[in-house]
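Peer 1: Got a sequence here, can you model it:
(chains A and B)
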There are 2 protein chains.
Amino acid sequence: MRIAELSARTGVPVPTIKYYLREGVLPAGELSSPNQAHYGERHVERLRMVRALVDIGRLPIATIKSVLEYLEQPNPNLHYALGIALHDTMTTRTEVEPPARQAVDELVERRGWLVSDDAPARDVLAEVISVLRQLGEGEILELLDEYAAGVERIAAADLEFVSRRSEPDAIVRSAVIGTLLGDALIAALRRLAQENVSARTFDQ
Amino acid sequence: MRIAELSARTGVPVPTIKYYLREGVLPAGELSSPNQAHYGERHVERLRMVRALVDIGRLPIATIKSVLEYLEQPNPNLHYALGIALHDTMTTRTEVEPPARQAVDELVERRGWLVSDDAPARDVLAEVISVLRQLGEGEILELLDEYAAGVERIAAADLEFVSRRSEPDAIVRSAVIGTLLGDALIAALRRLAQENVSARTFDQ
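Peer 2: Numbers count the residues shown, from 1 in each chain, chains lettered A, B, ... in the order given. Got it, this is the predicted structure:
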């Protein structure tokens, strides 16, 4: 199909498709004449993936390029693929207070979680706790186990989502999509559950 | 204190503070001479709040301004304050497929959640489901109740977090902070719990 049809099939405007081609997140089409390229189903699928990571995952194009390039390699490694995908969302921007980091390490130990000492999410969690303390909302520390219990159930569902695939590359693809888009899914579910709890508590 | 001390106290660079003053997210200091202003503790607190919403909540300045202006009014309404705060994160960018929206409505009914028909999170959740279906990951629908069960536990913790306040404005402030920063907290916790589940399942 030509670029106009690729645009119609995916709802992505032609100038945006050309931008993705220039940035290398979408592979070039097959040249049928010096200034005419043809695109196939893999372009449709790739474009949908890019849009999902832009629109829902809100990842920058450079990160999406790294993730997709990695996913195309044979036998992609799950932890490494997630590492690339999460690099932008799991980076601290402010200084982490040592007591907050200690609270995180204690939580991980208390829950018996197998997590490497240098997992970036430890620092990110500590950063959020630091900021909440600075805002006078340090009581969040007393509720960490409650949140962890809810999240354990979510992580079990995440595993089930991924386990439906058997090929290594399909597992990694599902894990990356599920983790990145899952944050948006969980945030939306949380708003609905919050409205329910709030309606039952405050509106009476 | 002068602007240099305000900067030292909060770690926010002077040019950034001046930008916040121009944008109106930080109230002007008290003029002690024609070109010298003094700042107090409420500026320190306000700056911390702005930084938290920028760094962790990743909200645009215009939204932060609306949220903070609203929080300063007498008797702020919880749903309305959250509505402003969530406006940017709870907006759909793509077309929502009717079957996905129907799946969301059925989920809400199945869980017995009291949620208004026009809650924006219904459409946002339907959007994520639509995109997952387009990416060939539509089996997420079979796991929605698992995710919902985890999220219900999180929403109960959210309520406990807010219930520790008794004044209406403190409740609303905690709810806004807890909801926006809570997404980041939950995302980080989810990465840790995922690593645990993944280590126990795939590394053996």
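Peer 1: What residues does residue A:185 make contact with?
Peer 2: Applying CB atoms under 8 Å, 6 or more residues apart in numbering or on different chains, we find residue A:185 in contact with B:125, B:128, B:129, B:132, B:140, B:147. Where you see a C-beta, it was placed from the backbone N, CA and C, and this is true even at glycine.
Peer 1: Tell me the most packed of these, by neighbour count.
Peer 2: In terms of neighbours by other CB atoms under 10 Å in any protein chain shown, the contacts of residue A:185 top out with residue B:125 at 30 neighbours.
Peer 1: Kindly reformat the contacts of residue A:185 as TSV containing secondary structure and pLDDT.
Peer 2: Formatted as TSV, these follow (DSSP: H, G, I helix; E, B strand; the rest coil; pLDDT from 0 to 100):
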residue	secondary structure	pLDDT
B:125	helix	95
B:128	helix	92
B:129	helix	94
B:132	helix	91
B:140	helix	89
B:147	helix	97
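Peer 1: Farthest-apart pair in the residues you listed, please.
Peer 2: Greatest spatial distance in those: B:132 and B:147, 11.9 Å, computed using CB to CB.
Peer 1: Which parts of chain A belong to which domain?
Peer 2: A:1-55, A:98-202 (automatic domain parsing).
Peer 1: Just name the most buried of the ones you listed.
Peer 2: domain A:98-202 (a mean of 19; mean count of other CB atoms under 10 Å in any protein chain shown).
Peer 1: chain center to that domain, what's the gap?
Peer 2: 12 Å (CA atoms, centre = their mean, to the nearest Å).
Peer 1: Reformat the domains of chain A as a markdown table; add distance to residue A:69.
Peer 2: Formatted as a markdown table, these follow (distance: least, CB to CB, whole Å):
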| stretch | distance to residue A:69 |
| --- | --- |
| domain A:1-55 | 8 |
| domain A:98-202 | 12 |
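Peer 1: Check which element follows the least confident helix or strand in chain A by mean pLDDT along the chain.
Peer 2: Least confident helix or strand, chain A: helix A:78-86 with a mean of 71, by mean pLDDT, DSSP states H and E. On the C-terminal side of helix A:78-86, the closest following helix or strand by DSSP states H and E is helix A:98-111.
Peer 1: is any part of that next one close to chain B?
Peer 2: Yes - Helix A:98-111 comes into contact with chain B (CB under 8 Å from any CB of the partner chain), by way of A:108, A:111.
Peer 1: now what about that helix, what contacts it?
Peer 2: With contact meaning CB under 8 Å, 6+ apart, helix A:98-111 is reached by A:115, A:122-123, A:125-127, A:129-130, A:133, A:141, A:144-145, A:148, A:152, B:192, B:196.
Peer 1: which stretches of chain A have low pLDDT?
Peer 2: For chain A, applying pLDDT under 70 flags the ranges A:86-89, A:202-204.
Peer 1: Can you pull up the most central residue in it?
Peer 2: Nearest to the geometric centre of chain A sits residue A:180, at 1.7 Å (CA atoms, centre = their mean).
Peer 1: That residue and residue A:54 touch, don't they?
Peer 2: No - with contact defined as CB atoms under 8 Å, residue A:180 does not reach residue A:54; the gap is 10.8 Å.
Peer 1: any idea how far the nearest residue to residue A:149 once chain neighbours are set aside lies from residue A:147?
Peer 2: Nearest residue to residue A:149 in three dimensions, chain neighbours excluded: residue B:153, at 5.8 Å (CB to CB, 6 or more residues apart in numbering or on different chains). Distance, residue B:153 to residue A:147, by CB to CB, to the nearest Å: 8 Å.
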